[in-house]
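A.B. asks: After the sequence you'll find the predicted model.
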Amino acid sequence: MKRKGFWMVLGFIGCFLLGVGLYFVVHQRSGQSEDQGSEKLEMTSGQVRRSESEKREEPPVTEIPKEIVQTQDSLYTYEQMVKDLETMELCFPGQIQVKELGVTADGRSIKEAVLGDEKAERHLMIQASIHGREYMNTQVAMRQLELFLRNYEIGSYRNMTYEELLQGLCVHVIPMANPDGVTISQYGPKGIHDKECRQILKQCREADGADGRDYWKNWKANARGVDLNRNFDVGWQEFQGSLRPSSERYKGDVPASETETQAILSIPQRYPVVGCMAYHSSGNLVYWDYGSRGQGYLEDQKLAQTVSEITGYEAHSTVSDGTDSAGCSDYFVLKLGIAAITVENGTGDCPLDSEEFPVIMEKNEKLLPGYLWIYQSGR
């Protein structure tokens, strides 16, 4: 009887210990589950916080203005051009690069807009407004840039998309090669800040015997009185123009003496350039045939004929017309062996009237994609 009671007590103790053990196991697992749930919640909320933070750090989408380059006013200034180039960089990231090629005597940056891969095997150039009073060509070049960028993803020319047109090519555009000269034509000496340059301008006016507002309006040279399109080292020695700084036709003390000339030449010095177009005014014609021979002549002819077809401008031989030498296109063709032409926009006296811009733009609207097409089509 005593033995039976002993075993009953022992069994009771065992059941009690088993129950206590099970209780602690269940409680521990429950605690772990709560901790894990809490960790998951913290991780989830952390992910939400990080996601919200990442969204806040994303750069805001830049709204593209309906029209970046204003075309209503013919007085398109250097400051407006710089602002428009900055806007293009913001609105079309990765599609355009804006660089500085040099700084003028009056402290203005000579801007270059680059489209395409700088490592491309072939490079093309466009330079505009090397003569101050011909500044409407800056508007033309800038508007061409804007239209190309706006239509890059949807545009095409002769069954080639704009993206295909740029493959293996890079385009360098200098919209305003002579910003000081443009400023003088638009505002006269009051637009120039450098004392030495202002003194040169005063001496030019006195030596030229000029009087009245038209003298400054018709200004072609830079702020040092050098005609930049007579400052290139081809036919420079033979060219007979002004013997001193002037509003036009002074070739400088030595070839390529000017920062603006050097800025233009820096591009073919750094890249394998195969074509160059210079925008001038006026005449509604395309100048070509600077005296090249053989394959060079054929390349010049191909470029001139195609641009003539696109714009509707008649092609003229500089050799036949007897135009002045020491110019940019002369140098590219005869010294560098690069196909080059000069496009003369407009029909009136420079500065051109704002009424001419719509007509000029209509003729030149497709010139940039057409320029690329020449070097993609194997024409």
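C.D. replies: Arrived safely, thanks for sending.

A.B. asks: where along this structure do the strands fall?
C.D. replies: Under the criterion DSSP state E, the chain contains strands at 97-103, 109-116, 122-128, 156-157, 160-161, 169-174, 273-280, 285-288, 314-317, 339-344.

A.B. asks: Could you check how many residues crowd around Glu100?
C.D. replies: 10 (other C-beta atoms under 10 Å). Yep, even glycine has a C-beta here, placed from its N, CA and C like the rest.

A.B. asks: Test my guess that it contacts Val114.
C.D. replies: No. Using C-beta atoms under 8 Å as the test, Glu100 is too far from Val114 to be in contact (11.7 Å).

A.B. asks: Extract the residue ranges of the stretch 1-150 of the chain that are flagged as low pLDDT.
C.D. replies: Filtered on pLDDT under 70, the stretch 1-150 of the chain yields the residue ranges 1-61.

A.B. asks: now with 80?
C.D. replies: Counting by pLDDT under 80, the stretch 1-150 of the chain contains low-confidence residues at 1-62, 73-74.

A.B. asks: For Ala128, list each beta-bridge partner.
C.D. replies: Tyr279 (DSSP bridges).

A.B. asks: distance of it from Asn178?
C.D. replies: 9 Å (C-beta to C-beta, to the nearest Å).

A.B. asks: Same drill for those two, tell me which one is more crowded.
C.D. replies: With neighbours defined as other C-beta under 10 Å, Ala128 and Asn178 compare such that Asn178 has more, 37 against 28.

A.B. asks: List the contacts of the more buried one.
C.D. replies: 129-132, 222, 228, 260 (C-beta atoms under 8 Å, 6 or more residues apart in numbering).

A.B. asks: hmm, which of those are the buried ones?
C.D. replies: 129-132, 222, 228, 260 (16 or more other C-beta atoms under 10 Å).

A.B. asks: So Gly188 is in contact with Asp214, correct?
C.D. replies: No. If you go by C-beta under 8 Å, Gly188 and Asp214 don't touch, sitting 10.6 Å apart.

A.B. asks: Between those two, which has more neighbouring residues?
C.D. replies: Applying other C-beta under 10 Å to Gly188 and Asp214 shows that Gly188 carries more neighbours, namely 16 against 10.

A.B. asks: Which residue, neighbours along the chain excluded, lies closest to the more buried one?
C.D. replies: The spatial neighbour of Gly188 that comes closest, neighbours along the chain excluded (C-beta to C-beta, 6 or more residues apart in numbering), is Trp216 at 3.9 Å.

A.B. asks: count of neighbours near that neighbour?
C.D. replies: So Trp216, with other C-beta under 10 Å, has 21 neighbours.
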